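Novice: One predicted model, sequence on top.
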Amino acid sequence: IIHFQKRHKLEQTGSLNKDTIDRLNIPPYQTAQRIALNMKRWRQLPSDLGERHIMVNMADYSMQLVKNGAPELEMKVIIGRLDRRTPVMTDLMRIIEVAPTWTVPPRIAGSYILPNVKRNPDYLNQKGFDVMQWRNGARVHVAADEINWHNYSARNLPYTFVQRPGQLNALGTVKFLFPNDQSIYLHDTSSPELFDKEQRALSSGCVRVEKPRLLAEKLLQSQDGWHRGRIDEAIDHNHTSRIRIKDPVPVHLMYWTTWVDDEGQLQIRDDVYQRDLIGGTATHASL
């Protein structure tokens, strides 16, 4: 029973609790269909993953930095919640930003930030936000206390919110960029306690990483001057620095609900995004 629970990433109690019984009752043909679907997902990947690359498995809430076929670094991740699911994609990481600012996307500005400002006039100051607006072709700073926020809604909000670097910043201490049209990237978090949860579909779509400083150190180790001490110093002094990676790293955001591990054991994970099962039946419709 413990072996079965380990393969399904359940709490290893050794007893037949409800979660264990539910998974034991899954018919073998459904597991076989899921294996076939995940094999198809593998075929969607490039034939060359990159001598050094990052592989995120959303269904396992995990990430590996892989070099020459072996994990160089492993960590937990947080993925997009069900209403803002992290997409499957492959791209090239080119930039690391330490002590980042956060420019709030319009959808979050209108649906989350603005209502908070209306309820609490000091919200922006408390959370470390600056208010910016485009005027005469330039972005200028606007005093938040001079704005009547009740005149605006998500549809007509002319302002941009930019959160300053620091402990309150939603992106945490480091941001890892691979340009794409969905504004998805890897980043730290100001709520590290969330990594203690088993189910971590909690973000607004981007992937939050458990060990951002260590990941930055590994990715920048071939670049003169950007040792761990300098990375820590920039972060600790809130000195925003944008670093172009000398050797860009492929990033693969994937969704593996079944795979065979290094010990030859079949691993099975919950279908958190329901990409395997629609109407209770395995399908090849959604990768």
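Specialist: Perfect, I can see it now. Numbers count the residues shown, from 1 in each chain.
Novice: so who does residue 209 touch?
Specialist: 63, 75, 77, 176, 186, 187, 188, 215 (C-beta atoms under 8 Å, 6 or more residues apart in numbering). No exception for glycine: its C-beta is placed from N, CA and C like everyone else's.
Novice: How much space separates the residue nearest to the third one when sequence neighbours are not counted from residue 55?
Specialist: Just to be clear, that refers to residue 77. Spatial nearest neighbour of residue 77, chain neighbours left out: residue 63 (4.8 Å); criterion: C-beta to C-beta, 6 or more residues apart in numbering. Distance, residue 63 to residue 55, using C-beta to C-beta, to the nearest Å: 7 Å.
Novice: These two: who's more crowded?
Specialist: residue 63 (25 against 19; other C-beta atoms under 10 Å).
Novice: can you pull the pLDDT of that one?
Specialist: On the pLDDT scale, residue 63 is placed at 98.
Novice: just the one 5 residues further on next, same as before
Specialist: The pLDDT attached to residue 68 in the predicted structure is 93.
Novice: these two touch, right, it and residue 51?
Specialist: Yes. Using C-beta atoms under 8 Å, residue 68 makes contact with residue 51 at a distance of 6.3 Å.
Novice: Okay, now the unreliable bits of the stretch 151-287 of the chain?
Specialist: 278-287 (pLDDT under 70).
Novice: can you map out the strands along it?
Specialist: 160-163, 174-177, 186-187, 201-203, 207-209, 241-254, 258-260, 266-268, 277-278, 281-282 (DSSP state E, counting those that start in this stretch).
Novice: got the contact list for the second one?
Specialist: This points to strand 174-177. Against strand 174-177 from outside (C-beta under 8 Å, 6+ apart): 93-98, 100, 185-188, 209, 212-213, 215-216, 219, 231, 235, 251.
Novice: how does the protein divide up, domain by domain?
Specialist: What automatic domain parsing lists as the domains of the chain is 1-44+257-287, 102-163.
Novice: got the contact list for residue 109?
Specialist: Counting by C-beta under 8 Å, 6+ apart, residue 109 has contacts 154, 157, 159, 160, 161.
Novice: What separation is there between residue 55 and residue 73?
Specialist: For residue 55 relative to residue 73 (C-beta to C-beta), the value is 11 Å.
Novice: Scan this protein for its longest helix.
Specialist: In the chain, taking DSSP state H as the definition, the longest helix is helix 28-44.
Novice: so that helix versus strand 241-254, what angle?
Specialist: Inter-element angle recorded for helix 28-44 and strand 241-254: 140 degrees (by axes from the mean of the first three to the mean of the last three C-alpha atoms, to 10 degrees).
Novice: Out of the domains of the chain, flag the one nearest residue 86.
Specialist: domain 1-44+257-287 (8.4 Å; C-beta to C-beta).
Novice: distance of residue 160 from residue 107?
Specialist: 13 Å.
Novice: Report all helices and strands that the helix or strand harbouring the residue nearest to residue 77 contacts.
Specialist: Using DSSP states H and E, residue 63 falls within strand 62-67. Judged by 3 or more C-beta pairs under 8 Å, 6 or more residues apart in numbering; DSSP states H and E, strand 62-67 is in contact with strand 52-57, strand 70-80, helix 212-219.
Novice: Touching the longest one from outside, list them.
Specialist: Right, the one you point to is strand 70-80. With C-beta under 8 Å, 6+ apart, strand 70-80 has contacts from 52, 56, 58, 61-66, 85-86, 189, 194-195, 200-211, 214-215, 218, 272.
Novice: repeat that for 6 Å
Specialist: Residues from elsewhere that reach strand 70-80, judged by C-beta atoms under 6 Å, 6 or more residues apart in numbering: 56, 58, 61, 63-65, 86, 194-195, 200-203, 205, 207-211, 218.
Novice: what does the first one give?
Specialist: Under the contact criterion C-beta under 6 Å, 6+ apart, strand 52-57 has outside partners 63-67, 77, 207, 249-254, 256.
Novice: Which single one of these is nearest to residue 140?
Specialist: Closest to residue 140, out of all of the contacts of strand 52-57 and judged by C-beta to C-beta, is residue 207, at 32.9 Å.
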